[in-house]
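Peer 1: return a 3D structure for these sequence lines:
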Amino acid sequence: MRFVNSRSRPFDGPGMCLGILVLLCLVDLPGCSEPRPDSRASGGVTSAFPISWRAPLDGGTPRDSNRILRLGPGVFRILARAEEGRSPLTHAVSRMDLLCVNEAPEEQKVTLLVNLSGDGGRTNFNENHFGEMPLRDFVYVQAPGRAWRRVDGRTSGWECALSFAAAPGETRLGLSPWYTYGDYLRFMGRLADSPNFRKTPVGLSDGGRETWELRITDPSAPPDRKRRIFWHAREHAYESFSSYAMEGLVEFLLSDEAAEFRKRFDITLHPMTNVDGVASGYEYRGGYDYPEPRRTATAKLTWGAVDRLRPHLVVSWHNWIAPRAVDVLFFTDEEGGKPSRRAWDLFTQRFPSPRGVGHRWSNETDPLRHNWFGRTLSDDNVHQYARKHYGSQVWGWEMPWWGRDAGDPTENARKHGADFGRAFLSVQTLLEAPQERDSPAQPLVEVNLGQAHQFFARGTCRVLNPARDAAVVGEFASPSGKKRLIEGVYEGEKGWRLAFLPDEEGDWTYLLRGEGVEYLVRGRLRCIKAP
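Peer 2: Reported below is the predicted structural model:
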């Protein structure tokens, strides 16, 4: 048998068996036996082994039953893989959709060793923030009739060890909560045409699967005054959060609250761009545009929509497993021919603070890194293609499930989809009104070295629970160029208090900005020696 260590070098020998025993002891497992050729977990169920595994036809992975090994009573190793056979990803495998079948009348303890090395082919163990294999210590399970919940474990090398109680019947298991091609078709079936909404089948994938296009706008408003938006999700097959977020977005766009937005925007959505990849259990872009961009039917449908719509804005949603505590907002904005962070500041004031779920905005002190203005563009990426040929402004959101999985994770994702739509369309409206773009600088503040200065901030909250979902953050730049980030303390009706202690003499610049609350001020702070 062939095993893989944490450095991705395959090896054989008795040392690996000792490693398995150590890991099993760490998680209080009942024991370990060397897998035999007939130890596949999908074999016949007996009273001694009431647990078996099945990969569903719609999205299941791994599909090869030989990749699920029984190590002992209720103990299994799962060798996760990219079902498409090849992948450009180097970090740990990101998709695993399996059914744990319990034939017993009572719950059964199940212990898993989930190997995410892709048979030793993955090389980014922890080299950058997309690796983070030491933090890939969890899976999600859904018992019959229950919401998805996260199960935490611990990692050793490329494996995650964990245990859960499998209820009688079929328990879903995944690296993320599932959203299948069947779920997509059921969602399409629930949507009925109305004066503000139309759904259209735009073509079939290479696998013969339906791709639907949704259009939401107010037909009574003059079309030449509207901005056209092309909005899509699920290019990457494992990114299920974006599919649930799409459901919440559509519900919001069709609500009374969005009536004014429907007058100003003509919105076209492709809720599941990669239908073949999702249904076939693929991990990433296989089934859509990989390995040869624009050759598949689904890619042609996406590029064709861009050519047909010539959108003013293109919005794409993604999500990941690691990094698990970082959100990214990418955007396009400029002022005076130069990249600007203005749109990023406006959006983050109107979207629930990621700090409420233990996250932060990536590169929050340098959001220009995610600004698409002035980028070199290619025809092989649909977003770059749209910007290059039609001047489309590219926007998007990348987020993890982690932290948004309390209660019912799927309902949380739907809510965040609506939150994004509300904030995004509000910002586009604000950007058309230059007089509302910025706030005046604050008077100079003088502070003695070693003395803290207290800032107080109040603004219009855009969230129902400001103690959890709103924040005020201070970005401070010292005279020598060092940057510091300070988070304010929420004090109820008083707003936020932020204490800053300068440690360098001279003139500091600062930006106090809200997350989930409308607040943005700039100023200077002069630090002087105490008399």
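Peer 1: for residue 182, give me its contacts.
Peer 2: The contact partners of residue 182, taken as C-beta atoms under 8 Å, 6 or more residues apart in numbering, are residue 58. Yep, even glycine has a C-beta here, placed from its N, CA and C like the rest.
Peer 1: swap that for residue 272, please
Peer 2: 181, 184, 211, 233, 234, 243, 246, 278.
Peer 1: where does the closest residue to residue 132 other than its chain neighbours land in three-state SS?
Peer 2: Of all residues not flanking residue 132 in the chain, residue 322 sits nearest, at 3.8 Å (C-beta to C-beta, 6 or more residues apart in numbering). State at residue 322, reduced to three classes by DSSP: H, G, I helix; E, B strand; the rest coil: coil.
Peer 1: just checking, residue 322 touches residue 91?
Peer 2: Yes - with contact defined as C-beta atoms under 8 Å, residue 322 counts as touching residue 91 (6.6 Å).
Peer 1: who's more crowded, these two?
Peer 2: Per other C-beta atoms under 10 Å, whichever of residue 322 and residue 91 has more neighbours is residue 91, with 24 against 21.
Peer 1: what's near enough to touch the more buried one?
Peer 2: Contacts for residue 91 (C-beta under 8 Å, 6+ apart) come out as 122, 124, 130, 131, 132, 133, 322.
Peer 1: tell me the secondary structure for the first one?
Peer 2: Residue 122 carries the three-state label coil when classified by three-state DSSP.
Peer 1: top of the contacts of residue 272 by neighbour count?
Peer 2: residue 278 (31 neighbours).
Peer 1: name the helices or strands packed onto the helix or strand where that one lies?
Peer 2: Element membership of residue 278 [criterion: DSSP states H and E] is helix 275-279. Helices and strands touching helix 275-279, as assessed by 3 or more C-beta pairs under 8 Å, 6 or more residues apart in numbering; DSSP states H and E, comprise helix 181-190.
Peer 1: how about the helix or strand just after the helix it packs on: buried residues?
Peer 2: Counting by DSSP H and E, the next helix or strand C-terminal to helix 181-190 is strand 197-204. For strand 197-204, the neighbour count (16 or more other C-beta atoms under 10 Å) marks 197, 199, 202 as buried.
Peer 1: relative to residue 314, how far out is the nearest residue to the second one once chain neighbours are set aside?
Peer 2: Using C-beta to C-beta, 6+ apart and skipping residues adjacent in sequence, the residue nearest residue 199 is residue 214, 5.2 Å away. As defined by C-beta to C-beta, to the nearest Å, residue 214 lies at a distance of 15 Å from residue 314.
Peer 1: compare the two (neighbour count), which wins?
Peer 2: Neighbour count, other C-beta under 10 Å: between residue 214 and residue 314, residue 314 has more, with 27 against 21.
Peer 1: report the inter-axis angle for the longest helix anywhere in the chain versus helix 181-190.
Peer 2: As assigned by DSSP state H, the longest helix anywhere in the chain is helix 409-431. Calculated by axes from the mean of the first three to the mean of the last three C-alpha atoms, to 10 degrees, helix 409-431 forms an angle of 60 degrees with helix 181-190.
Peer 1: any idea of the mean pLDDT for helix 409-431?
Peer 2: Averaged across helix 409-431, the pLDDT comes to 97.
Peer 1: and it, how far from the chain's centre?
Peer 2: Here helix 409-431 is found 14 Å from its chain centre; the criterion is C-alpha atoms, centre = their mean, to the nearest Å.
Peer 1: again, but for stretch 303-319
Peer 2: Its chain's C-alpha centre and that of stretch 303-319 lie 19 Å apart, by C-alpha atoms, centre = their mean.
Peer 1: in that stretch, what's buried?
Peer 2: For stretch 303-319, a neighbour-count test (16+ other C-beta under 10 Å) marks 303, 305-306, 309, 311-319 as buried.
Peer 1: as a markdown table, those with secondary structure, pLDDT and distance to residue 271 would be great.
Peer 2: What follows is those, written out as a markdown table (DSSP: H, G, I helix; E, B strand; the rest coil; pLDDT from 0 to 100; distance: C-beta to C-beta, whole Å):
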| residue | secondary structure | pLDDT | distance to residue 271 |
| --- | --- | --- | --- |
| 303 | helix | 97 | 17 |
| 305 | helix | 98 | 13 |
| 306 | helix | 98 | 16 |
| 309 | helix | 98 | 16 |
| 311 | coil | 98 | 16 |
| 312 | coil | 98 | 20 |
| 313 | strand | 98 | 17 |
| 314 | strand | 98 | 15 |
| 315 | strand | 98 | 12 |
| 316 | strand | 98 | 12 |
| 317 | strand | 97 | 10 |
| 318 | strand | 96 | 14 |
| 319 | strand | 94 | 14 |
